[in-house]
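> model the structure of this input:
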Amino acid sequence: MPDIFELELGKAGYVVVNEMCRVKKGESVIITVDSAMDMKPVMEVAKSAEAAGGKVLVAYHSTPRGYGKVADPQLPEPLKKAIPAADVWVEFNNQWLLYSTPWIEAMSNGRTRYLFLGGLDPERITRCIAKLDMDLQEKFQNKVVELTHNASKMRVTTPAGTDISFENVRKRPITNELRADKPGPHFLVGQIGWAPLEESIGGVIVYDGSFSGGGEADLGILSHPIELVIKKGRITEIKGQEEAKKIENWLKKLGDPNMYNLAHICYGFNPGAILTGLCTEDERVWGSTEWGNGYQGPMFEGSLPEAVSHADGICLNSTVWLDDEFLIKEGKVVHPELVDVAKAMGK
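The predicted model follows:
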């Protein structure tokens with residue numbers, strides 16, 4: 001008997017391979033997955049990659065205890081060698097290899113196309129990929145990127161208490177997560193991110209959605225908000241209840257002062273995403289903003305030094321000013337060039 005979402009998973013696998021990664025005949029495709037994950041989405045992507053003529057390897061391994069370089073000592077040596085040797089890498093890991101040493105090697109080789117789908121189970125990949133209208137999604141995201149690129153100064157507020165301002169750097173790229181058809185890092189559709197001028201970032205960030213830092217810092221959906229005081233792009237104070245204390249202690253335990261740097265900001269605009277506690281999906285909740293701290297990633301072309309790991313927090317129902325113009329108000333798209341497209345997308 002077929003399993004739940006059997007048909008939708010087949011479509012998602014097709015979209016990932018043919019519309020996102022655009023796998024070509026003869027290319028080597030590695031799909032990494034740790035032991036905490038559901039294998040069904042993995043195998044649908046593997047089947048589609050095989051049908052497209054790819055040379056497919058599914059790399060199943062034990063689950064690391066954290067993200068990024070924290071995972072390095074726990075990864076099998078053959079896996080470390082295989083990742084940067086691939087033409088296409090799709091990551092399904094629950095504990096991400098994103099920002100690990102093999103990731104850095106793969107992203108600097110000028111060949112590997114990487115698509116991050118970390119933690120996506122059948123229901124999530126159905127909501128966030130299989131059910132999307134990719135043409136509308138592309139039209140919407142391209143316009144948001146254009147508008148954001150033209151803004152010099154920005155401000156973000158939320159009902160929970162976020163009030164943060166910063167300046168943009170025109171020459172820096174804005175990542176537009178739709179395809180993974182060029183060498184370098186790409187992520188689940190529905191996110192747009194960039195690195196502001198780091199020293200210009202100041203104010204208060206209040207995470208009221210979820211928080212993800214890997215291992216013991218994977219808090220999921222927050223019961224209480226976490227407040228960060230930001231001065232010149234660095235976290236100077238962490239306020240809140242038990243969740244805030246956990247993050248404060250975790251950062252101290254890591255012992256890396258670069259983890260206190262704000263690395264990037266992102267919009268969430270995937271119409272299928274809901275808050276579930278998984279960062280990969282939560283970052284794309286419609287009308288949210290997300291801040292990452294620690295490792296910055298080369299795709300942002302920022303100025304931060306490397307850090308041992310990375311963490312992300314979600315601010316729901318955001319209001320965003322592009323200079324003096326509204327993009328969204330409390331999570332609802334209000335910019336006149338976007339309202340109709342958003343409605344067509346069900347938002």
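> secondary structure class for V33?
Per DSSP: H, G, I helix; E, B strand; the rest coil, the local secondary structure of V33 is strand.
> in the sheet, who's paired with it?
Each beta-bridge partner of V33 is listed here, defined by DSSP bridges: Y60.
> these two touch, right, it and V58?
Yes: in this structure, V33 sits in contact with V58. The criterion is CB atoms under 8 Å, and the distance is 6.9 Å. Every C-beta, even on glycine, is put in place using the N, C-alpha and C of the backbone.
> so between the two, which is more surrounded?
More crowded of V33 and V58, by other CB atoms under 10 Å: V33, with 25 against 17.
> show the pLDDT at the more buried one.
Predicted confidence (pLDDT) for V33: 98.
> got a list of what it touches?
With contact taken as CB atoms under 8 Å, 6 or more residues apart in numbering, V33 is in contact with M39, V42, V58, A59, Y60, H61, F92, N93.
> so how far is I205 from it?
32 Å (CB to CB, to the nearest Å).
> what does V308 give?
Between V308 and I205 the distance is 21 Å, computed by CB to CB.
> what about stretch 197-206, how long is it end to end?
Stretch 197-206 has an end-to-end distance of 20 Å (CA to CA, to the nearest Å).
> ok, residues contacting that stretch?
Applying CB under 8 Å, 6+ apart, the contact partners of stretch 197-206 are 158, 160-169, 225-233, 261-262, 291, 302-304, 313, 315.
> mind running it again at 6 Å?
With CB atoms under 6 Å, 6 or more residues apart in numbering as the test, stretch 197-206 has contacts from 160-167, 169, 225, 227-228, 230-233, 262, 291.
> what's the answer for stretch 259-277, then?
Outside stretch 259-277, the residues that touch it by CB under 6 Å, 6+ apart are 127-128, 131, 190-193, 195, 201, 209-210, 220-221, 233-235, 251, 281-285, 288, 290-294, 296, 300, 304, 307, 345-347.
> run a quick neighbour tally on the closest residue to G190 other than its chain neighbours.
For G190, ignoring the flanking residues on the chain, the nearest one in space by CB to CB, 6 or more residues apart in numbering is N270 at 2.5 Å. Taking other CB under 10 Å as the criterion, the count of residues near N270 is 24.
> mind listing what's buried along the lengthiest helix in the chain?
Ranked by residue count and defined by DSSP state H, the top helix of the chain is helix 134-149. Neighbour-count burial for helix 134-149, counted by 16 or more other CB atoms under 10 Å, picks out Q137, F140, Q141, V144, V145, L147, T148.
> turn the residues you listed into TSV, including distance to V29 and pLDDT.
Shown next, in TSV, are those (distance: CB to CB, whole Å; pLDDT from 0 to 100):
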residue	distance to V29	pLDDT
Q137	24	97
F140	29	98
Q141	25	98
V144	30	98
V145	28	98
L147	35	98
T148	32	98
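> now, which of the residues you listed sits nearest G331?
Distance to G331, by CB to CB, is smallest for V144 among the buried residues of helix 134-149, at 14.1 Å.
> show me the contacts for the closest one.
Going by CB under 6 Å, 6+ apart, V144 touches I192.
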